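Undergrad: okay, predicted coordinates and the sequence, questions at the end:
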Amino acid sequence: MCPFCYIGKRKFEAALAEFPQRDKIQVEWKSYQLRPDMVTQPEKTIHHFLAEHQGMDLDAAKEMNDRVVEMARTVGLDFQLDRSVVANSFQAHQFAHFAKRHGKQGEAEEALFRAYFTDGKNIDDRDTLLELGAEIGLDTTQLADSLEAQAFANEVRQDIEEARKIGVRGVPFFVFNRAYGVSGAQESEAFLQTLQRSYAEWAKENPELSLNVSSGPSCTPDGTCD
């Protein structure tokens with residue numbers, strides 16, 4: 001629900017696209033809640049929520065959100081904050097963990113961001129999450145059972161506790177190889193430099209196996225022998 005997380009995602013993706021070893025990078029999303037006690041209020045606009053939370057008038061809140069919309073536009077995102085639904089994200093995080101279990105975490109995160117920031121959907125609504133799950137190819141029966149049982153609630157809490165232990169106090173926050181952190185939606189160059197530095201250290205600690213091979217008669221998996 002943090003707009004800078006979606007913006008930061010795009011900036012990180014731009015850096016990753018420039019990184020020569022991008023096929024060796026594994027991206028794992030972690031859960032975090034800025035306001036775990038937030039109450040879902042579909043009838044309240046994000047402008048009213050921001051005004052109340054920050055103690056500002058409604059016009060000032062709208063102006064702040066307009067600046068965020070413009071920032072999103074620079075990275076190709078179409079924010080429609082007038083439509084965003086004030087919602088607790090705990091159930092959505094469980095949805096993301098279910099998707100992770102089935103190899104669809106990246107798709108789930110993108111779907112959640114788009115649903116909240118562009119499509120004006122309630123990400124705390126069970127039917128909405130099932131709809132998003134169907135869109136990215138998840139088994140919606142299993143997903144419904146998982147959400148009903150809160151099967152991934154502990155995983156969400158564990159992520160939040162892990163973030164607390166390493167000193168995360170805001171989002172977005174990117175950790176590289178458990179050695180470097182990038183806080184905030186920084187420019188792509190910052191992500192690229194951190195990728196280069198952390199990957200070089202990882203590669204030094206995990207050298208690829210290289211063999212000098214002399215060849216003789218052999219058979220291959222396709223049945224060819226020579």
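TA: Yes, it's here.
Undergrad: what's the spacing between residue 118 and residue 136?
TA: 16 Å (Cβ to Cβ, to the nearest Å). From N, CA and C alone the C-beta is placed, and that goes for glycine too.
Undergrad: my error: substitute residue 38 in the last question.
TA: Relative to residue 136, and taking Cβ to Cβ, residue 38 is found at 25 Å.
Undergrad: next: residue 44.
TA: 28 Å.
Undergrad: tell me the buried residues in stretch 71-90?
TA: 72, 75, 77, 79, 81, 84-90 (16 or more other Cβ atoms under 10 Å).
Undergrad: how is the chain divided into domains?
TA: With domains defined by automatic domain parsing, the chain comprises 1-32+168-207, 43-84, 87-166.
Undergrad: show me where the chain has strands.
TA: Secondary structure of the chain by DSSP state E: the strands cover 173-176, 180-183.
Undergrad: winner for burial among the ones you listed?
TA: Of the strands of the chain, the one with the most neighbours on average (mean count of other Cβ atoms under 10 Å) is strand 173-176, at a mean of 19.
Undergrad: name the residues of the worst-scoring helix or strand of the chain on mean pLDDT that are buried.
TA: Of all helical and strand segments in the chain, the minimum by mean pLDDT, DSSP states H and E falls on helix 46-54, at a mean of 94. Buried positions in helix 46-54, judged by neighbour count with 16+ other Cβ under 10 Å: 46-47, 49-51.
Undergrad: for the longest helix along the chain, which positions count as buried?
TA: Secondary structure of the chain read by DSSP state H shows that its longest helix is helix 188-205. Neighbour-count burial for helix 188-205 flags 188, 190-192, 194-196, 198-199, 202 (criterion: 16+ other Cβ under 10 Å).
Undergrad: how far away from the center of its chain is that helix?
TA: A distance of 20 Å separates the centroid of the chain from that of helix 188-205, by Cα atoms, centre = their mean, to the nearest Å.
Undergrad: quick revisit: C-alpha coordinates for the least confident helix or strand of the chain, PDB please?
TA: The C-alpha trace of helix 46-54 is given here as PDB (Å, rounded to 0.1, in the frame of the first residue of the first chain):
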ATOM      1  CA  ILE A  46      -7.100   7.700   0.600                       C
ATOM      2  CA  HIS A  47      -7.100  11.500   0.700                       C
ATOM      3  CA  HIS A  48      -9.400  11.600   3.800                       C
ATOM      4  CA  PHE A  49      -7.300   8.900   5.400                       C
ATOM      5  CA  LEU A  50      -4.000  10.800   4.800                       C
ATOM      6  CA  ALA A  51      -5.500  14.000   6.000                       C
ATOM      7  CA  GLU A  52      -6.700  12.400   9.300                       C
ATOM      8  CA  HIS A  53      -3.500  10.400   9.800                       C
ATOM      9  CA  GLN A  54      -1.100  13.300   9.100                       C
END
